[in-house]
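Q: Dropping the sequence and predicted coords here.
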Amino acid sequence: MKYLPLLLSLLALGFVGCSQKADPNKITVQLDWVPEPEHGGLFQALAKGWFADAGLNVELVPGGPNAFVTQKVATNKAQIGQADSTNTLLAVNQGLPLLQVAAVFQNEPSVLMLHADNPITDFKQLDGKKIMARPDWAFLPYLKKKYGIDFTLIPFNFSVTNFIADPDFIQQGYYIAEPYFITQGGAKPPKFLYSWDAGFDAYSVLAANSAWAKENPELLRKFIAVYIRGWRDYLENDPAPAHELMKSLNDKNTDGFMAFCRQMIIDEKLVVGRDSTDSSQIGRLDPARYQTQINQLEDLDILPKGALTVDQVMSTDYLPAK
Amino acid sequence: MIRRILPPVITGVLLLLAWLALHAALPASQQFLLPTPVRILSAAAARAPELASAAAWTATAALGGFALATTVAISFSLLLASSRLVRAALYPYVMLLQMVPIIIIAPILILWVGAGLPSVIIVTFLISFFPMVVNNTQGLLSADPNLVDLFRMGKATPWQQLWLLRVPSALPYFFTGLRIAAVLAPIGALTGDYLVGTTSGGNAGLGITAMIASTRSEIPALYATAFIACALGWVFVATVSAASWAALHRWHDSYNQN
């Protein structure tokens, strides 16, 4: 018992240590995955020194299968994180202080991936099949309900091993990168069923800690302006600065892989928007699409009815004026 | 009786108070990190059917893997204890079975067996098998040498020596291994569910339930899943402890102290 005061003061010290934050212009960004071209805009801006030019001290923290982006941003261990709009929206309903402030991909690039010669061509034919995917992916119950089908779900293991080995295998894929690994593994390029073709259209987003965003609106605006400039430059000009930096952080980033992913992002207009003809949509979020998503999640009983409004989960206030 | 019930109850109340104090000490925006017991209970109640079926599913897998591990461990340890030669030939491979990381076995299992209950049972088996084999074998080899001599002098057959001497003296070891395996089996079933389980027609186990709650930031539900997993482990261990008491308390020293 005589150690109790010592223990308590150590604990207190720990809390103080955690909450210390020296540089007011420091912004930690939690990535959802290891540095790869889906973070191209951030890395291009960082490599070119544009964040520093704007007076921002930006650190990009690599993620992985257990990145827990929403939790890290909600606890302010990172001020901004890259995540998918659906789960970030659901986290707000659980009381996590998060606000979606800019788009990464206009369409969250999680798709269903099938072998090239699989006879399945539409969602209805998935009835009775086995699909490997993230069990939390709201698109799956959405499919079941919309098409009146059922299928068996195998938890996603972030690998394409089973896909390559089994010609009937259907799995979730992040369709920027997975096709590369599959063709490298000897299989023909896969075909895809896109979630947005079924009317389930989520974003990949940057989410900010909402308390931090409210206290630092100017900082966040500056950050987003530089971030958008980074994407535009990465897609339209020489991506070498971002690629060199990403290569130094992740040695699996070969030149071939990064060039492939960047080309996918360009060809599929993931950042600029499928219906866009120029780069003016980069980073933009549409409140109407959020309303649709909220309605869909309510309809699936994943979100209680009336629990969330669009304004609670996203804001366009931090985007540059059109 | 009071002396046996009161101390754990007091500890429980103190832990609960510390929990509530910690929750209250967190800033409002961070209270999601540690939901109150009331919120956890209401989250559990809100999805009671789903959690109940997940618990039943995981319990089935744990029980299946545990039964398989017990059966195989008993037969294997009898084999291993039978001769030095057999031990030398097989033991390294038993070790190997324990060393293979489940996370690497998982995609192979999906290829060979397919995702689902059989694969989850195999994962549970792999996780809980080793401590039992080691303990059983050690037990069978640890019969009192004086009693072994006595059996030899009485011209007992090897069969009699095994059933009347080696197996009874291995029982305390057997139950030690069984108790470790009883802790490991539910953990194995959860891990297995997470790695090689499936959901079809709502048949998911606790591992998948926890995964969904985690990525959707449903933290009260995540805590509820954790408590259910604890309860499941507790039932396993309590059952084995009761069996151990029934088998040993009349003669083994460990039940006669104090």
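A: Arrived safely.

Q: Am I right that residue A:92 is in contact with residue A:308?
A: Yes: counting by C-beta atoms under 8 Å, residue A:308 is a contact partner of residue A:92 at 6.4 Å. All C-beta spots, glycine's among them, are computed from the backbone N, C-alpha and C.

Q: Quick check: which element contains the residue of the stretch 1-150 of chain A found nearest chain B?
A: Ranked by C-beta to the nearest C-beta, the top residue of the stretch 1-150 of chain A for proximity to chain B is residue A:91, at 3.6 Å. Assessed by DSSP states H and E, residue A:91 sits inside helix A:85-93.

Q: what mean pLDDT does that helix have?
A: Averaging pLDDT along helix A:85-93 gives 94.

Q: tally of neighbours for the residue lying closest to residue A:149 once chain neighbours are set aside?
A: Of all residues not flanking residue A:149 in the chain, residue A:127 sits nearest, at 3.8 Å (C-beta to C-beta, 6 or more residues apart in numbering or on different chains). Neighbours of residue A:127 under the rule other C-beta atoms under 10 Å in any protein chain shown: 14.

Q: again, but for residue B:143
A: Residue B:143: 19 surrounding residues under other C-beta under 10 Å.

Q: Three-state assignment for it, please.
A: Under DSSP: H, G, I helix; E, B strand; the rest coil, residue B:143 falls in the coil class.

Q: Now the residue found closest to it once you drop the neighbours it is linked to in the chain: which helix or strand?
A: In this structure, residue B:143 finds its nearest non-sequential neighbour in residue B:169, 4.5 Å apart by C-beta to C-beta, 6+ apart. Under the criterion of DSSP H and E, residue B:169 resides in helix B:167-196.

Q: Please identify the buried residues of that helix?
A: B:167, B:169-196 (16 or more other C-beta atoms under 10 Å in any protein chain shown).

Q: now swap in stretch A:128-146 and tell me
A: Buried, per 16+ other C-beta under 10 Å, within stretch A:128-146: A:129-144, A:146.

Q: What of stretch A:110-130?
A: Using 16+ other C-beta under 10 Å as the test for burial, stretch A:110-130 gives A:110-115, A:118, A:120, A:123, A:126, A:129-130.

Q: Ok, stretch A:235-255 next?
A: For stretch A:235-255, burial by neighbour count (16+ other C-beta under 10 Å) applies to A:235, A:239, A:241-243, A:245-247, A:253.

Q: Return the closest of those with respect to chain B.
A: The closest of these, once distances to chain B are taken by C-beta to the nearest C-beta, is residue A:253, at 23.4 Å.

Q: rewinding a little: ok, which of the buried residues of stretch A:128-146 also contact chain B?
A: Contacts with chain B are made by A:130, A:132, A:134-136 out of the buried residues of stretch A:128-146, judged by C-beta under 8 Å from any C-beta of the partner chain.

Q: Can you add pLDDT and distance to residue A:318 and give these back as CSV?
A: Below are these laid out as CSV (pLDDT from 0 to 100; distance: C-beta to C-beta, whole Å):
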residue, pLDDT, distance to residue A:318
A:130, 89, 42
A:132, 92, 37
A:134, 89, 29
A:135, 88, 33
A:136, 89, 27
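
Q: what mean pLDDT does stretch B:7-17 have?
A: Taken as a whole, stretch B:7-17 carries a mean pLDDT of 94.

Q: Show residues contacting it.
A: Stretch B:7-17 has contacts (C-beta atoms under 8 Å, 6 or more residues apart in numbering or on different chains) with residue B:37.

Q: can you give me the offset of that stretch from its chain's centre?
A: How far stretch B:7-17 lies from its chain's middle: 26 Å, per C-alpha atoms, centre = their mean, to the nearest Å.

Q: Stretch B:163-179 too?
A: The chain centroid and the centroid of stretch B:163-179 are separated by 18 Å under C-alpha atoms, centre = their mean.

Q: what comes into contact with it?
A: The contact list for stretch B:163-179 (C-beta under 8 Å, 6+ apart) reads B:70, B:73-74, B:81, B:131-136, B:138-140, B:142-144, B:147-148, B:151, B:156, B:237, B:240-241, B:243-244, B:247-248, B:252, B:254.

Q: what about residue A:92 and residue A:308, which has more around it?
A: Shown here are residue A:92 and residue A:308; by other C-beta under 10 Å, residue A:92 has more neighbours (23 against 19).

Q: Leaving aside the residues adjacent along the chain, what's closest to that one?
A: With C-beta to C-beta, 6+ apart as the criterion, residue A:92 has its nearest non-adjacent residue at 4.9 Å, and that residue is residue A:313.

Q: just residue A:212 next, same as before
A: residue A:79 (4.9 Å).

Q: burial count for residue B:20?
A: What residue B:20 shows, counting by other C-beta under 10 Å, is a neighbour count of 14.

Q: That one sits in which helix or strand?
A: Using DSSP H and E, residue B:20 sits within helix B:2-25.

Q: and that helix, which residues are buried?
A: For helix B:2-25, the neighbour count (16+ other C-beta under 10 Å) marks residue B:23 as buried.

Q: And the buried ones among the contacts of stretch B:163-179, selectable in ChimeraX?
A: To isolate the buried members of the contacts of stretch B:163-179 in ChimeraX, using 16+ other C-beta under 10 Å:
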select /B:70,73,74,81,131,132,133,134,135,136,138,139,140,143,151,156,237,240,244,248,252
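
Q: what are the ranges of the helices in the chain?
A: Defaulting to chain A. Assigned by DSSP state H, chain A shows helices spanning A:4-19, A:40-47, A:50-53, A:69-74, A:85-93, A:139-147, A:161-165, A:178-184, A:210-215, A:217-236, A:240-249, A:255-267, A:287-299, A:310-313.

Q: let's do chain B instead
A: Going by DSSP H, chain B shows helices at B:2-25, B:37-46, B:48-82, B:84-99, B:102-112, B:117-140, B:145-153, B:158-160, B:167-196, B:206-215, B:219-248.

Q: Just give me the least confident of the buried residues of stretch A:235-255.
A: residue A:253 (90).

Q: Contacts only, for it.
A: Residues in contact with residue A:253 (C-beta under 8 Å, 6+ apart) are A:35-36, A:243, A:246-247.

Q: what does the stretch 1-150 of chain B put close to chain A?
A: When proximity is defined as C-beta under 8 Å from any C-beta, the stretch 1-150 of chain B approaches chain A at B:29-33, B:106-107, B:110-111, B:115-116.

Q: Redo those as CSV? Include neighbour count and distance to residue A:320.
A: What follows is the residues of the stretch 1-150 of chain B next to chain A, written out as CSV (neighbours: other C-beta atoms under 10 Å in any protein chain shown; distance: C-beta to C-beta, whole Å):
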residue, neighbour count, distance to residue A:320
B:29, 16, 28
B:30, 17, 31
B:31, 17, 35
B:32, 20, 32
B:33, 15, 34
B:106, 23, 46
B:107, 17, 45
B:110, 26, 47
B:111, 14, 50
B:115, 26, 47
B:116, 20, 51
